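K.L.:
how would this look folded up:
(one chain, ligands or ions: 1)
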Amino acid sequence: MGELSVLAGRSIVLGVSGGIAAYKSVELLRLLSSQDARVRVAMTKNAARFVGPVLFEALSGQPVYMDMWRENHEIRHIDWAREADLVILAPATANLVGKMACGLADDALSTLLLAVTAPILVCPSMNTHMFENPRVQDNLKRLSDTGLHVMAPGSGFLACGDTGPGRLPDPADIADRAAALLCEKDLSGLKVLVTAGPTREPLDPVRFLSNPSSGKMGFALARAAEHRGAEVVLVSGPVQLADPLGVKVVRVTTAREMADAVFAEAKDADMVLKAAAVSDFRPKTCAAHKEKKNKADTNLRLARNPDILKELGKEKSDKVLVGFAAETRKLAAYASSKLEEKNLDMIVANLVGEAGSGFGSDTNKVSVFYRDGYSEDLDLMTKDQVAHAVLDRAARYLPQAE
Ligand code: C5P
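P.N.:
Numbers count the residues shown, from 1 in each chain. Predicted coordinates for the structure are as follows:
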């Protein structure tokens with residue numbers, strides 16, 4: 001049983017106007033198509049000076065809409081607007097923003113935009129001084145005030161040589177906001193707490209005990225819960241991943257720091273998903289200075305770390321508790337005993353070392369064990385898809401679902 005991505009089968013119009021960042025909309029198109037969205041490109045004639053329509057046609061497999069006067073009996077601006085589940089304007093130039101703010105329709109894209117009733121995601125991209133110009137700011141505000149979704153531009157060195165805000169948001173972030181806009185908000189009003197990544201337990205100032213957890217599963221859970229409307233707090237050990245948009249991220253290093261952050265945030269959480277690979281032990285002492293290798297051998301004394309999830313299980317009440325277990329053998333036996341010992345609703349387990357699964361991978365193949373003794377094996381999926389599948393199942397344990 002495979003899970004579909006939120007974007008799968010959704011009809012998206014990608015509106016491209018004439019900014020230097022038009023080349024990045026090619027990457028955006030690729031990202032959306034890779035999640036099985038049906039993307040059609042409407043572009044301005046100035047955009048075609050930067051990127052030719054042939055490239056968009058080849059990548060989308062659909063005709064590009066640029067010229068209103070070359071249509072054969074179709075009223076494309078109305079048809080495309082009617083069929084769209086979402087419109088993304090990337091890049092949205094100052095001119096396009098201004099035209100939309102005034103309700104002008106003098107070419108294919110701007111005319112189509114007036115007929116759209118689906119959500120419109122506006123991704124501004126322009127020179128910093130243009131972006132900061134009060135007239136452009138007024139226009140952007142007017143778009144927000146009338147229900148359009150305006151993304152903040154990125155900041156940095158721009159192609160024109162200036163530095164500051166005005167850069168097209170990262171295509172991955174635009175695709176993320178697209179998924180958020182199209183996602184059903186079944187977790188709105190709920191607080192979801194997620195943990196991710198490894199912990200590091202210091203031996204001395206330069207060495208630590210840890211594990212190879214990448215944090216990808218926990219970050220995918222946090223993103224998915226945010227897309228579904230939850231207030232999300234992500235407590236993460238050291239990982240190389242950027243903060244998911246719209247999520248409060250608390251970065252920690254050791255298991256004890258993770259415990260403190262989790263206990264503080266768990267009080268009013270409705271659901272806790274503990275995807276972190278917490279170190280069960282820490283060195284009993286941490287040397288003040290770097291240990292030298294002059295001894296032939298040495299003993300390492302370890303102390304137990306708090307079992308964060310087990311502590312939460314002791315005061316569970318109607319909080320939904322979901323554990324994760326990475327095992328190298330006896331998956332069902334170990335997962336079921338952890339489920340019971342920690343008083344969980346569900347535990348998501350995977351065998352480390354299976355192809356496409358576990359630490360660092362973008363995909364995962366998991367089995368889910370439930371508190372009533374039932375279990376199911378899910379197909380190999382991307383971690384984003386696993387995240388939604390896990391949330392679907394965890395949501396059944398929410399008090400309001402019973
Ligand atoms: O390490 P173990 O297999 O027991 O992990 C199962 C679950 O318990 C995971 O969800 C993990 O995040 C959690 N855990 C924890 N604190 C620990 C060890 C594990 O919260 N010290």
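K.L.:
what about residue 55, which helix or strand?
P.N.:
Residue 55 is part of helix 53-60, with elements assigned from DSSP states H and E.
K.L.:
Who are the contact partners of residue 79?
P.N.:
Residue 79 makes no contacts at all, as judged by CB atoms under 8 Å, 6 or more residues apart in numbering. Just so you know, the C-beta spots here come from the backbone N, C-alpha and C atoms, and that holds for glycine as well.
K.L.:
For it, identify the helix or strand it belongs to.
P.N.:
helix 76-83.
K.L.:
From the chain's centroid, how far away is that helix?
P.N.:
29 Å (CA atoms, centre = their mean, to the nearest Å).
K.L.:
Can you give me the buried ones in that helix?
P.N.:
Residues of helix 76-83 classed as buried by neighbour count (16 or more other CB atoms under 10 Å): 76-77, 80-81.
K.L.:
Wasn't residue 98 part of a helix?
P.N.:
Yes. Residue 98 forms part of a helix when assessed by DSSP: H, G, I helix; E, B strand; the rest coil.
K.L.:
Could you say whether the residue lying closest to it once chain neighbours are set aside sits in a helix, a strand or coil?
P.N.:
Excluding the flanking residues, the one nearest residue 98 by CB to CB, 6 or more residues apart in numbering is residue 139, at 5.1 Å. Classification of residue 139 using three-state DSSP returns helix.
K.L.:
Count the neighbours of residue 139 for me.
P.N.:
Residues lying near residue 139 (other CB atoms under 10 Å) number 20.
K.L.:
gap between it and the ligand?
P.N.:
Going from residue 139 to the ligand by CB to the nearest ligand atom, to the nearest Å gives 47 Å.
K.L.:
Could you tell me which residues of the stretch 301-402 of the chain lie near the ligand?
P.N.:
Neighbours of the ligand within the stretch 301-402 of the chain, by CB under 6 Å from any ligand atom: 305, 307-309, 323-325, 338.
K.L.:
Quick check: of those residues, which lies closest to residue 245?
P.N.:
Lowest distance from residue 245 to those (CB to CB) belongs to residue 324, with 23.2 Å.
K.L.:
ok, residues contacting the one helix or strand that closest one maps to?
P.N.:
Counting by DSSP H and E, the element that carries residue 324 is strand 320-327. For strand 320-327, the external contacting residues (CB under 8 Å, 6+ apart) are 217, 270-277, 309, 312-313, 331, 334-335, 338-339, 342-352, 358-359, 390, 394-395, 397-398.
K.L.:
can you rerun that using 6 Å?
P.N.:
Strand 320-327 is contacted by residues 271-275, 309, 312, 334-335, 338, 342, 344-350, 352, 394, 397-398 when judged by CB atoms under 6 Å, 6 or more residues apart in numbering.
K.L.:
distance between that strand and the chain's centre?
P.N.:
Per CA atoms, centre = their mean, the centroid offset for strand 320-327 relative to its chain is 20 Å.
K.L.:
what pairs with that strand, and is each one parallel or antiparallel?
P.N.:
If you go by DSSP bridges, strand 320-327 pairs up with strand 271-274 (parallel), strand 346-351 (parallel).
K.L.:
most tightly surrounded among those?
P.N.:
strand 271-274 (a mean of 27; mean count of other CB atoms under 10 Å).
K.L.:
which residue packs closest to residue 200, ignoring adjacent ones?
P.N.:
The nearest residue in space to residue 200 (CB to CB, 6+ apart) is residue 208, at 4.1 Å.
K.L.:
err, residue 165, not the other one
P.N.:
Residue 165's closest residue in space is residue 155 (CB to CB, 6+ apart), at 4.6 Å.
K.L.:
quick one: the one you found is in a strand?
P.N.:
Yes. Counting by three-state DSSP, residue 155 is part of a strand.
K.L.:
hang on, isn't it packed against residue 163?
P.N.:
No. Assessed by CB atoms under 6 Å, residue 155 is found out of contact with residue 163, at 8.0 Å.
K.L.:
Could you check how far the nearest residue to residue 359 once chain neighbours are set aside is from the ligand?
P.N.:
Distance criterion CB to CB, 6+ apart; nearest residue to residue 359, sequence neighbours excluded, is residue 212 at 4.5 Å. Separation of residue 212 from the ligand (CB to the nearest ligand atom): 14 Å.
K.L.:
Name the residues of this protein found near the ligand, please.
P.N.:
Neighbours of the ligand within the chain, by CB under 6 Å from any ligand atom: 195, 255, 274, 276, 278, 280, 305, 307-309, 323-325, 338.
K.L.:
Filter those down to the ones in helices?
P.N.:
Judged by DSSP state H, those include 255, 308-309, 338 as members of helices.
K.L.:
which intervals of the chain have sub-threshold pLDDT?
P.N.:
1-2, 71-74, 402 (pLDDT under 70).
K.L.:
so where do the helices sit in it?
P.N.:
Counting by DSSP H, the helices of the chain are 22-34, 47-50, 53-60, 76-83, 94-102, 108-115, 128-132, 134-145, 171-182, 216-227, 255-266, 308-314, 331-341, 383-395.
K.L.:
so which of these is the most packed in?
P.N.:
The highest average neighbour count among these, using mean count of other CB under 10 Å, belongs to helix 216-227 at a mean of 28.
K.L.:
what helices or strands is that helix leaning on?
P.N.:
Judged by 3 or more CB pairs under 6 Å, 6 or more residues apart in numbering; DSSP states H and E, helix 216-227 is in contact with strand 191-196, strand 231-236, helix 383-395.
K.L.:
ok, and what's touching it?
P.N.:
Residues contacting helix 216-227 (CB under 6 Å, 6+ apart): 179-180, 183, 187, 192, 194-196, 232, 234, 241, 244, 246-247, 273, 275, 383-384, 387-388, 391.
K.L.:
Next: stretch 228-240.
P.N.:
Contacts of stretch 228-240 (CB under 6 Å, 6+ apart): 183, 185-188, 190-200, 215, 222, 225-226, 247-251, 258, 261-262, 265.
K.L.:
Filter those down to the buried ones.
P.N.:
The neighbour count (16+ other CB under 10 Å) marks 183, 187, 190-200, 215, 222, 225-226, 247, 249-250, 258, 261-262, 265 as buried among those.
K.L.:
ok, the residue nearest to residue 165 to residue 50 distance?
P.N.:
22 Å (CB to CB, to the nearest Å).
K.L.:
residues contacting residue 312?
P.N.:
Neighbouring residues of residue 312 by CB under 6 Å, 6+ apart: 266, 321.
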